[in-house]
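Asker: test case, fold it:
(one chain, ligands or ions: 1)
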Amino acid sequence: MTETVNPFESFRTQLDEAAGFLDLSDGELERLKQPERMLETTLSVERDDGSLTTLTAFRSQFNGDRGPYKGGIRYHPNVSRDEVKALSGWMAYKCALVDVPFGGGKGGIVIDPHNYSETELESITRAFATELRPLVGPDRDIPAPDVNTGQREMNWFKDTYEQLEDVTAPGVVTGKSLDAGGSEGRVEATGRSVMLTAREAFDYLDIEMDGASVAVQGYGNAGAIAASLLEDCGANIVSVSDSSGAIYDPNGLDADAVSDHKTETGCVADYPSTKELTNEELLTLDVDLLIPAALENAIDEETAEELAADIVIEAANGPLTPAADDVLADRDVYVLPDILANAGGVTVSYFEWVQNRQRFHWTEERVNDELEAVIENAFGALIDAYEDRDLPTLRTAAYVIAIQRVLDAAEKNGRFP
Ligand code: NAD
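Answerer: The predicted model follows:
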């Protein structure tokens, strides 16, 4: 059973561990562990039956030393102040690690969107955009999709901002549809960076991708696309899951056919000719690569003890508790951290923002090539730091690089007021 761990505490623990290898004061460290600004707001929205409902929403602006705040908006019943703070912090160090000129941000609404109609979700998104208007903008803070939000919500957000400001400003959000100023390759970007990270890691560890067995927890945007792209590289996707449960076929699933099944039926369960597993069983399968791609705290200490994969690549943000991280480090399981593996999303969001500013549309090939270069460079820097500085884990190496970059920017900016 997964223990309840506060994600903001997990984030702060990760920073403390890396800070031990850096030259920074207690004051500097504390500044790097807290958001600069946090908004909590109550959205009042009329439902289809005429009744009024209120929803709690948050936006955290974590660190602006390297550029405008940037990060997704999540619609989920478990959204909390501390979850949003943690997610915004992970964004800040993710942007620094892949050297994208943004700071970190994140937002969320405490809501189960499945209980609301499309009209109601539009009103809710527009209400949130209206609340956020003074804080966001292409040079201030740029939201994007996250769990249970996508192009539709980003289009509504952009339209609300543009109407209120009376401007054309597609760069106020990323992850829009192509017609509304989105980028080629953005939908696939997170899954693509997971695949690229896997490819680099397998190469580094001298493991064959061809025929490698892969299990994916969370068959949504990040997980399903990672599975499909890994299958294209020759990997064998043996098990996938969503909140309805897991399916298993040792001979390999057809990743795209499972996606089609999920689109048709709403879940991966009942996919023909497969064995049903629990999510716990998926996480402890003896596979070459395990990809947690659902939510935080999916793997706790107990599950980590039972985990049989050789490599874990974090597609989700914060899927391992700090205790699970320690167990896997002791057991020499390679963990490729979220702030590298899922950085494709924010990297192509950055490309989208650049295209919006240029009023110029890049080809999908260009987007994918530029993303590949970013992930390859970040992976190379990560391995250099890990080996040259003899750091205990790849996560610590990632934070050592990222924190140093944020510190350097803060130092160059100077202090004001
Ligand atoms: P999504 O809503 O498209 O997919 C999430 C999937 O996880 C769904 O299929 C859901 O059923 C499944 N799920 C939820 N709880 C589960 C559980 N307990 N066990 C198994 N499956 C479960 O969301 P997404 O955009 O793919 O995001 C997934 C993770 O990736 C999140 O941590 C998110 O922050 C991270 N991420 C996403 C992006 C992006 O661009 N979409 C970018 C970076 C990071």
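
Asker: what's the local residue count around the closest residue to the ligand within the stretch 201-350 of the chain?
Answerer: Using Cβ to the nearest ligand atom, residue 220 is the residue of the stretch 201-350 of the chain that sits closest to the ligand, at 1.6 Å. (C-beta placed from N, C-alpha, C; glycine too.) By other Cβ atoms under 10 Å, the residues close to residue 220 number 21.

Asker: I figured it was touching residue 291, is that so?
Answerer: No. Judged on Cβ atoms under 8 Å, residue 220 makes no contact with residue 291 at a distance of 11.8 Å.

Asker: I'd like the distance between the closest residue to residue 29 other than its chain neighbours and residue 33.
Answerer: Nearest residue to residue 29, sequence neighbours excluded (Cβ to Cβ, 6 or more residues apart in numbering): residue 19, at 5.0 Å. Per Cβ to Cβ, to the nearest Å, residue 19 is found 9 Å from residue 33.

Asker: distance between stretch 276-283 and the chain's centre?
Answerer: Centre-to-centre, stretch 276-283 and its host chain are 22 Å apart (Cα atoms, centre = their mean, to the nearest Å).

Asker: pull out the buried positions in it.
Answerer: 277, 279, 280, 281, 282, 283 (16 or more other Cβ atoms under 10 Å).

Asker: that stretch near the ligand anywhere?
Answerer: Yes. Stretch 276-283 is in contact with the ligand by Cβ under 6 Å from any ligand atom, via residue 279.

Asker: what number of residues lie near the residue nearest to residue 29?
Answerer: The local packing of residue 19 (other Cβ under 10 Å) involves 20 other residues.

Asker: so it is in contact with residue 403, correct?
Answerer: Yes. Using Cβ under 8 Å, residue 19 makes contact with residue 403 at a distance of 6.9 Å.

Asker: overlap of the contact sets of the two?
Answerer: Here residue 19 and residue 403 have residue 32 as joint contacts, going by Cβ atoms under 8 Å, 6 or more residues apart in numbering.

Asker: any idea of the mean pLDDT in stretch 306-322?
Answerer: Mean pLDDT, stretch 306-322: 97.

Asker: just stretch 58-66 next, same as before
Answerer: Mean pLDDT, taken over the full extent of stretch 58-66, equals 97.

Asker: list of residues touching it?
Answerer: Taking Cβ under 8 Å, 6+ apart as the rule, stretch 58-66 contacts 32, 35-41, 69, 71, 79, 81, 84-85, 87-89, 91-92, 95-96, 101-108, 132, 135, 141, 143, 405-406, 409-410, 413.

Asker: cool, and stretch 252-268?
Answerer: Contacts of stretch 252-268 (Cβ under 8 Å, 6+ apart): 219, 224, 227-228, 230-231, 236-247, 270-271, 274.

Asker: which parts of the stretch 151-300 of the chain sit against the ligand?
Answerer: 190, 217-223, 241-243, 279, 293-295.

Asker: strand partners (parallel or antiparallel) of the lengthiest strand in the chain?
Answerer: Of all segments of type strand in the chain, defined using DSSP state E, the longest is strand 52-63. On the basis of DSSP bridges, the sheet neighbours of strand 52-63 come out as strand 37-46 (antiparallel), strand 104-110 (antiparallel).

Asker: deepest of the ones you listed, which one?
Answerer: Highest mean neighbour count of the strands paired with strand 52-63: strand 104-110, a mean of 28 (counted as mean count of other Cβ atoms under 10 Å).

Asker: quickly check: that strand near the ligand or not.
Answerer: No. Applying Cβ under 6 Å from any ligand atom, one finds strand 104-110 separated from the ligand by no less than 8.8 Å.

Asker: nearest to the ligand: which residue in the stretch 1-150 of the chain?
Answerer: Closest point on the stretch 1-150 of the chain to the ligand, by Cβ to the nearest ligand atom, is residue 147, at 4.2 Å.

Asker: turn the buried residues of stretch 276-283 into TSV, including pLDDT.
Answerer: As requested, those are exported to TSV (pLDDT from 0 to 100):
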residue	pLDDT
277	96
279	93
280	93
281	96
282	98
283	98
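
Asker: these in strands, which ones?
Answerer: Reading strands off the buried residues of stretch 276-283 with DSSP E, I get residue 277.

Asker: closest one to residue 46 out of the buried residues of stretch 276-283, please.
Answerer: Using Cβ to Cβ, residue 279 comes nearest to residue 46 of those, at 37.2 Å.
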